[in-house]
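[1] quick one: sequence plus predicted model below, questions after.
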Amino acid sequence: MKIKISTRDFELPDYLEEHIENMFSKFDKFKISFTNIDVFMKFEEDHKFMVEIATKSNLGQTDSNGESKELMEGVNEAFTRLERLLIKKKEKPLAHRAEHAKAQKEHLVDEDNDSPLID
């Protein structure tokens, strides 16, 4: 997994690249395989850091952003949003399949004797 980090209007601190890599290693437990990770950070005139994270994975493309006066807070906010979105994308199809299976099972009832066709 290659992480591309770009900054604008400031220089990236040394510890931050390692911190970002550690944050993405947390997704190993969810079995999400990333093909592309782009992290873009910029410093705006009103003394705010804007952090944008764009990922491509087996779940599709997911983007998140964070904004704060402190760089680490902006990175953590963007990562928290990304984590929520990826977990939602991973669990949503499973929930829909469960509801769909219940609906299908209700339709598979024998009309003559009201017994299910499947066990």
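    Sure, I can see it.
[2] okay, now the residue lying closest to residue 47 once chain neighbours are set aside: neighbour count?
    In this structure, residue 47 finds its nearest non-sequential neighbour in residue 69, 6.0 Å apart by CB to CB, 6 or more residues apart in numbering. Placement of C-beta: from N, CA and C, glycine included. Neighbourhood size, residue 69 [other CB atoms under 10 Å]: 10.
[3] hang on, residue 69 packs against residue 48?
    Yes: counting by CB atoms under 8 Å, residue 48 is a contact partner of residue 69 at 5.9 Å.
[4] what about the residue most central in space within the chain, distance to residue 53?
    Centroid-nearest residue in the chain: residue 86, 2.5 Å away (criterion: CA atoms, centre = their mean). In this view, residue 86 and residue 53 are 11 Å apart by CB to CB, to the nearest Å.
[5] contacts for stretch 31-43?
    1-10, 12, 20, 24, 27, 49-59, 71, 74-75, 86, 90 (CB atoms under 8 Å, 6 or more residues apart in numbering).
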